[in-house]
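>>> need a 3D model of the following:
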Amino acid sequence: MSDFVALNLPETNSKISPLMTAATNALIRLPSFCLVLASTGFGAVYAWQAGMQNGVALACLSVLMATGLECAKPLAFSAAMTRGASAQSRMALGLMAFFAVAYSLSAEVSLVATNRQSSNAQRAQITANHDKAKADIETAKADLAALGAVTPLADAEK
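Here you go, the predicted model:
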């Protein structure tokens, strides 16, 4: 397992039980897994929205690319930090991790900005609809007032 996924605690302290070590590993793995999963979700949603502007096929391919990149990001970062690999492969993996993080951040910020913009537009539309309904009510009241006193049909036929 990579160092990113598993925390290898030193075995110098014999007072730590294997159960505590397993619990500590689980507490460290869970947030890492959640972050990777959430980042993958954000990237996939952003890729789908961006790709759908040009059709379903491009949207599906964009989701595959974003999902692969998001899953490779922690692996590339972890592999770039290992000491056994050559300097060239560590640099290449480090660059891949850097560009994956850059794409991920830009996708997530764009998705949040788009959602915020959509919410603002929705609120503006609700306000405009409310103002129009209020104006229609005022116009109807003015039309009714302009009619004056109206004689009921039953009284007019007498």
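>>> okay, strands next: where are they in this structure?
For the chain, applying DSSP state E gives no strands.
>>> chain neighbours aside, what residue packs nearest to the residue positioned nearest the centre of the chain?
With distances taken as CA atoms, centre = their mean, Phe42 lies nearest the centre of the chain, 3.6 Å away. Closest residue to Phe42 apart from its sequence neighbours, by CB to CB, 6 or more residues apart in numbering: Glu108 at 4.6 Å. Where C-beta positions appear, they are placed from N, C-alpha and C, glycine not excepted.
>>> contacting residues around that neighbour?
By CB atoms under 8 Å, 6 or more residues apart in numbering, the residues touching Glu108 are Ser39, Phe42, Gly43, Tyr46.
>>> at 10 Å instead, please
By CB atoms under 10 Å, 6 or more residues apart in numbering, the residues touching Glu108 are Ala38, Ser39, Gly41, Phe42, Gly43, Val45, Tyr46.
>>> go on, Ser119?
Counted by CB under 10 Å, 6+ apart, Ser119 has zero contacts.
>>> for Pro18, see how far away Leu30 is.
Separation of Leu30 from Pro18 (CB to CB, to the nearest Å): 18 Å.
>>> oh sorry, the question was meant for Gly51
Gly51 is 47 Å from Pro18, where distance means CB to CB.
>>> over to Ala66?
For Ala66, the distance to Pro18 (CB to CB) stands at 38 Å.
>>> of those two, who's got more company?
Between Ala66 and Pro18, Ala66 has the larger neighbour count (other CB atoms under 10 Å), namely 26 against 7.
>>> surely the more buried one meets Ala107?
Yes: with contacts counted by CB atoms under 10 Å, Ala66 reaches Ala107, the gap being 6.9 Å.
>>> quick check: neighbours shared by these two?
In contact with both Ala66 and Ala107: Ser39, Phe42, Gly43, Ala44, Val45, Tyr46, Ala47, Ala50, using CB under 10 Å, 6+ apart.
>>> out of those residues, which are inside helices?
With helices defined by DSSP state H, the entries of these inside them are Ser39, Phe42, Gly43, Ala44, Val45, Tyr46, Ala47, Ala50.
>>> buried stuff in stretch 79-87?
Of all the residues in stretch 79-87, those buried under the rule 16 or more other CB atoms under 10 Å are Ala79, Ala80.
>>> now it - C-alpha only, CSV.
Presented in CSV, the C-alpha positions along stretch 79-87 are these (Å, rounded to 0.1, in the frame of the first residue of the first chain):
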residue,chain,number,x,y,z
ALA,A,79,4.8,7.9,-5.7
ALA,A,80,6.5,11.2,-6.2
MET,A,81,7.5,11.2,-2.5
THR,A,82,9.0,7.7,-2.4
ARG,A,83,12.7,7.6,-2.2
GLY,A,84,13.3,4.5,-4.1
ALA,A,85,12.3,5.8,-7.5
SER,A,86,14.5,7.7,-10.0
ALA,A,87,14.7,11.4,-9.9
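>>> fine by me, we can end here.
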